[in-house]
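Chemist: My questions are about this predicted structure, shown below with the sequence.
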Amino acid sequence: MSRLTVRAVRAVLACGLLAILVAFAVLLAHSAPRRSGSDVTPNVDPAAVTLSTGEQACQNEELLPADTAALRMIISSGESPPSKLSVRASGPHGALLASGALAAGWRDGVVRIPITHVSTSTARATVCLRDEGPSQVMIAGDSSDQDHAIQVGGKSVEDVQLRIEYMRPGSESWLALAPTIVHRFSLGKAGFLRDWEWVAVLVLMALAIALAVGTILREET
């Protein structure tokens, strides 16, 4: 193969690698609202639970993650003016962990309800969403095969699970979240792997790219 062709291949590879690096940098720098966690329930049923004015839906066995400052749910008021919503999260023994409210006037769809900042994680928490009026609201969720039931208007409702997303404060880039991602990457790992496995993953990815580029150049040469 001619030297001109080899140079062209090298130029294409260099441009491709540069494009990957630029795209990666843009992705890391992009800032947006980020989740601290969720209850992994899909939004299959847009009206899984319906609340009338003064009623509340309480879901127990929730993992309330640390660094949570808002709840995000899919809520609709139909054709009526949206109601004021309030939230209360309590621990296994009833102690208040966080609370918040959203004034009336929100739009149907994905609704973000701010709450007081949660600094530590709590397992088996109970999260209650209350319709303060003046309209009926519908909350999205899915059927559930779990043993526990949620409380709606003071009554147990089985086989239903609300979709709750727990949101971190403000907007953050993936670069700003790097320490948190590294920490979570270490969870559930053996002690001798916990502190350096994420480094090994990055090194292996770099080696794979280097081997691919080297193979292409060798074959073209």
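Modeler: Nice, thanks for sending it over.
Chemist: For this protein, give me the ranges with low pLDDT.
Modeler: Residue ranges of the chain with pLDDT under 70: 1-4, 145-148, 183-195, 198, 220-221.
Chemist: pull the longest helix from it.
Modeler: helix 3-29 (DSSP state H).
Chemist: Tell me which residues of it come out buried.
Modeler: For helix 3-29, a neighbour-count test (16 or more other C-beta atoms under 10 Å) marks residue 9 as buried. All C-beta spots, glycine's among them, are computed from the backbone N, C-alpha and C.
Chemist: Could you do stretch 65-85 as well?
Modeler: Here stretch 65-85 shows 65, 67-77, 82-85 as buried, counting by 16+ other C-beta under 10 Å.
Chemist: Could you point out which of those residues is nearest to residue 18?
Modeler: residue 67 (35.3 Å; C-beta to C-beta).
Chemist: Is that closest one in contact with residue 168, as I believe?
Modeler: Yes. Judged on C-beta atoms under 8 Å, residue 67 makes contact with residue 168 at a distance of 5.4 Å.
Chemist: list residues touching both of those two?
Modeler: The contact sets of residue 67 and residue 168 overlap at residue 36 (C-beta atoms under 8 Å, 6 or more residues apart in numbering).
Chemist: Show me the beta-bridge partners of the most centrally placed residue in the chain.
Modeler: Centroid-nearest residue in the chain, with C-alpha atoms, centre = their mean: residue 35, separated by 3.4 Å. Residue 35 forms beta bridges with residue 167, as assigned by DSSP bridges.
Chemist: For residue 177, give its distance to residue 63.
Modeler: Distance from residue 177 to residue 63, counting by C-beta to C-beta, to the nearest Å: 19 Å.
Chemist: now residue 116
Modeler: 18 Å.
Chemist: now residue 134
Modeler: Residue 134 is 33 Å from residue 63, by C-beta to C-beta.
Chemist: Please consider this matter closed, and thank you.
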